[in-house]
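Enquirer: Coordinates only, no sequence provided:
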């Protein structure tokens, strides 16, 4: 009996010891997990503090180093990229430091083109990251005559860049601007979408992601017809190899004979929301889009139909045709009749013209041109500020959010329409 009691006692003691050891191991494991969690939290906090400090420094430098009006820049490099695209590297002629820009922004140029009565204003997206303080880069495509109207002249400013400007030439440039840029304060997933030469601003964003060591999930869709238009190919493939957080999708809509899917490109179709649905795990991304008007219009519309919030859809407009949000437009006859019934007129004070407003024509700039009133213009997308016009009386509303709203009492004629009777100093 006594031996049995001793055996039971030993078993109980062993069980208790085993429990104590297990509890100790569990406690040790919990302590280890807790320590690791605190370490990760500390590392994240330090990284976030560093990021905030960098953002504040960049904002300070942007304000201190920026400039008003035009500044002289030298073309220090001119590099042919293929596909009718050439990259221009600009350095300040005064040798003073450059302000950082936000990835996705553009430069505004004033061009003295032979044969033109006045300087031509044009905007071109910056195509490299802001992490190069000694130069800015724009990659510009020489725009040919329209395929369906070969009798029309090719792009005036783009062909002047290609054929009339060389290394060592001096050019007038405004400080970087524009409201289409990557929010670098976030680490949330993004989808970058470039079609044709619309590659340039989203390439700036992509370069910023990889050059800063960001690990945010990044999808990069590049849509073009075939290899003849494919630029920056080696650069993009290097990013694909070296950065696991970047998922590259090259989409050829019309591959050349001998071009193979999986070898020369990733998808044999156009960039579309249907493709996103097949590849993306969800729609929970910020989408940044720049490309030809038909591509942009369809993608923006279909993203909204997919349930992507408007605040997560960001785009760069090439011109009036790419406006994402416009006021509801009724049939032209009905809108013209309603305008006439309301008695809305637009007066051009300098031209001494008062004309009944015709909503079907488009913006105030297009309305002025249709009625023989000359107004300066540049980008026609609310970005460059060339068409800024003083309002003598009345108000306007914008067809799209401009890159930078003008001061009170003025409007950007290329992207605005009158709210009521309007008198302009034009």
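Expert: Perfect, I can see it now. Predicted model, so just to flag it, every value in this text is computed and none were measured. Numbers count the residues shown, from 1 in each chain.
Enquirer: in stretch 221-233, what counts as buried?
Expert: 221, 222, 223, 224, 225, 226, 227, 229, 230, 231, 232 (16 or more other Cβ atoms under 10 Å). Quick note: C-beta positions are derived from backbone N, CA and C, even for glycine.
Enquirer: now, which of the residues you listed sits nearest residue 412?
Expert: Distance to residue 412, by Cβ to Cβ, is smallest for residue 223 among the buried residues of stretch 221-233, at 29.4 Å.
Enquirer: Residue 268 is in contact with the closest one, correct?
Expert: No - Residue 223 is beyond contact range of residue 268, at 11.6 Å (criterion: Cβ atoms under 8 Å).
Enquirer: list the residues that contact both of those two?
Expert: Common contacts of residue 223 and residue 268 (Cβ atoms under 8 Å, 6 or more residues apart in numbering): 251, 253.
Enquirer: can you list the buried residues of stretch 221-233 in JSON lines and add distance to residue 264?
Expert: Below are the buried residues of stretch 221-233 laid out as JSON lines (distance: Cβ to Cβ, whole Å):
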{"residue": "221", "distance to residue 264": "16"}
{"residue": "222", "distance to residue 264": "13"}
{"residue": "223", "distance to residue 264": "15"}
{"residue": "224", "distance to residue 264": "12"}
{"residue": "225", "distance to residue 264": "13"}
{"residue": "226", "distance to residue 264": "9"}
{"residue": "227", "distance to residue 264": "6"}
{"residue": "229", "distance to residue 264": "12"}
{"residue": "230", "distance to residue 264": "8"}
{"residue": "231", "distance to residue 264": "14"}
{"residue": "232", "distance to residue 264": "15"}
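Enquirer: who does whichever strand or helix holds residue 73 touch, helix- and strand-wise?
Expert: Assigned by DSSP states H and E, residue 73 falls within strand 71-82. Applying 3 or more Cβ pairs under 8 Å, 6 or more residues apart in numbering; DSSP states H and E, one finds that strand 71-82 contacts strand 85-92, strand 170-173.
Enquirer: how far does that strand sit from the chain's center?
Expert: Relative to its chain's centre, strand 71-82 lies at 22 Å (Cα atoms, centre = their mean, to the nearest Å).
Enquirer: Next, the buried residues of that strand.
Expert: For strand 71-82, burial by neighbour count (16+ other Cβ under 10 Å) applies to 71, 73, 74, 75, 78, 81.
Enquirer: residues of stretch 165-176 that come out buried?
Expert: Neighbour counts using 16+ other Cβ under 10 Å place 165, 171, 172, 173, 174, 175, 176 of stretch 165-176 among the buried residues.
Enquirer: got it, and stretch 412-420?
Expert: Across stretch 412-420, burial judged by 16+ other Cβ under 10 Å covers 412, 413, 414, 415, 416, 417, 418.
Enquirer: Look up the closest residue to residue 277, ignoring the ones flanking it.
Expert: In space, not counting the residues next to it along the chain, residue 277 is nearest to residue 306; the distance is 7.2 Å by Cβ to Cβ, 6 or more residues apart in numbering.
Enquirer: My read is that that neighbour contacts residue 282, right?
Expert: No - Residue 306 lies out of contact with residue 282 (Cβ under 8 Å); the separation is 10.0 Å.
Enquirer: So between these two, which is more surrounded?
Expert: The residue with more neighbours, out of residue 306 and residue 282, is residue 306; 14 against 8, by other Cβ atoms under 10 Å.
Enquirer: quick one, what contacts that one?
Expert: Applying Cβ under 8 Å, 6+ apart, the residues contacting residue 306 are 273, 276, 277, 283.
Enquirer: how distant is stretch 248-265 from the center of its chain?
Expert: How far stretch 248-265 lies from its chain's middle: 25 Å, per Cα atoms, centre = their mean.
Enquirer: got the contact list for that stretch?
Expert: With contacts defined as Cβ under 8 Å, 6+ apart, stretch 248-265 is touched by 219-228, 230, 236-237, 239-240, 266-271, 275, 279.
Enquirer: Kindly recompute the last result at 6 Å.
Expert: The contact list for stretch 248-265 (Cβ atoms under 6 Å, 6 or more residues apart in numbering) reads 220-223, 225-227, 240, 266-268, 270-271.
Enquirer: can you tell me which of these are in strands?
Expert: Using DSSP state E, 220, 221, 222, 223 are the members of the contacts of stretch 248-265 that sit in strands.
Enquirer: Show me what the mean pLDDT comes to for the host helix or strand of residue 354.
Expert: Taking DSSP H and E as the definition, one finds residue 354 inside strand 353-356. Averaged over strand 353-356, pLDDT sits at 95.
Enquirer: Neighbouring strands - and their directions - for that strand?
Expert: Strands that pair with strand 353-356, judged by DSSP bridges, come out as strand 345-348 (antiparallel).
Enquirer: Need the contact partners of the partner strand.
Expert: When contacts are defined by Cβ under 6 Å, 6+ apart, strand 345-348 is touched by residues 354, 355, 356, 357, 373, 418, 421, 422, 423, 424, 426.
Enquirer: wait, doesn't the fifth one sit right on residue 351?
Expert: So the one you mean is residue 373. Yes - in this structure, residue 373 is within contact of residue 351 by Cβ atoms under 6 Å, at 4.9 Å.
Enquirer: More neighbours: the two, which one.
Expert: Between residue 373 and residue 351, residue 373 has the larger neighbour count (other Cβ under 10 Å), namely 19 against 16.
Enquirer: which stretches of the stretch 201-350 of the chain have low pLDDT?
Expert: Residues of the stretch 201-350 of the chain meeting the criterion pLDDT under 70: 317-342.
Enquirer: can you give me the strands for it?
Expert: Taking DSSP state E, counting those that start in this stretch to define them, one finds strands in the stretch 201-350 of the chain at 218-224, 246-252, 286-290, 313-315, 345-348.
Enquirer: any chance of these in JSON lines, plus distance to residue 98?
Expert: JSON lines is the format used below for these (distance: least, Cβ to Cβ, whole Å):
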{"stretch": "strand 218-224", "distance to residue 98": "26"}
{"stretch": "strand 246-252", "distance to residue 98": "27"}
{"stretch": "strand 286-290", "distance to residue 98": "23"}
{"stretch": "strand 313-315", "distance to residue 98": "25"}
{"stretch": "strand 345-348", "distance to residue 98": "40"}
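Enquirer: and the angle from the strand holding residue 73 to strand 85-92?
Expert: Between strand 71-82 and strand 85-92, the angle comes out at 160 degrees (axes from the mean of the first three to the mean of the last three Cα atoms, to 10 degrees).
Enquirer: Make residue 1 into 21 and carry on from there
Expert: I'll keep to 21 as the first residue from here, and by that count the last item is strand 91-102.
Enquirer: Perfect, that will be all.
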